[in-house]
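J.: I'd like to go over a predicted model; first the sequence, then the structure.
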Amino acid sequence: MGTTGGRRVGRPRAAQRPDSGLEPRDELLSAAAELFTTRGYAATTTRAVAERAGMRQASMYHYVSGKEELLAELLESTVTPSLAYARELLADDSVPAEDRLWELCRTDVELLCGGPHNLGALYLLPEVRAERFAGFHAVRAELKDAYRQLLAATDAGGALAKSELDLRTDLLFGLIEGVILVRRSGSERPVPVFAEATADAALRIAGA
């Protein structure tokens, strides 16, 4: 380090982002969401995430263990709200199952497409197959099972053999998650309109 006017000159401080009002951990998640979806997960360093969040790399480790923890939390954030809503819908048998299934599809698509970053695209990362992300896969499997239960409760689903029900569930769930690719291709459709159209298509797959 040199001196300037008698003062010691060290490494410049990390550039601060405009005050977002977020807690440091949430700031890191926001920065990671932006960088993972624009630069790519493998190409993003922990230093880049820390700097984008306006903190030093060493400070980052007070809040998270590293990139994998950030990725795991971002992945789960795309599923847990839909799962919580699915549980509510499953418990409300006062509403026809077809209506509840449509509502889950619509809400799930809005969640996947409504944020500032296409977090669903992170599902496609080869790193996500690692054991570290077992929590995400477990939550996702539970959400898929909720779709299956709602489908089975419809008039059309109740008449299906187990193998056919499993296939229809795979197709329906695949359609919902397929919006990730549509969004990545640059679709400019308004999210509510897109979500309703996808839910309509999902019920046609369900036979409802």
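T.: Ah, there it is.

J.: quick check: domain ranges of this structure?
T.: What automatic domain parsing lists as the domains of the chain is 19-66, 78-206.

J.: For Asp93, give me its contacts.
T.: Neighbouring residues of Asp93 by C-beta atoms under 8 Å, 6 or more residues apart in numbering: Ala153. Where you see a C-beta, it was placed from the backbone N, CA and C, and this is true even at glycine.

J.: and Asp99, how far is that from Asp92?
T.: 10 Å (C-beta to C-beta, to the nearest Å).

J.: Between the two, point out the one with more neighbours.
T.: Asp99 (15 against 10; other C-beta atoms under 10 Å).

J.: Leu75 contacts Leu122, doesn't it?
T.: Yes: Leu75 is within contact range of Leu122, at 5.9 Å (criterion: C-beta atoms under 8 Å).

J.: Need the overlap of contacts for these two.
T.: Val128.

J.: Would you convert the domains of the chain into a markdown table that also reports mean pLDDT?
T.: Below are these laid out as a markdown table (pLDDT from 0 to 100):
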| stretch | mean pLDDT |
| --- | --- |
| domain 19-66 | 94 |
| domain 78-206 | 94 |
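
J.: Tell me which stretches of the chain form strands.
T.: 3-4, 7-8 (DSSP state E).
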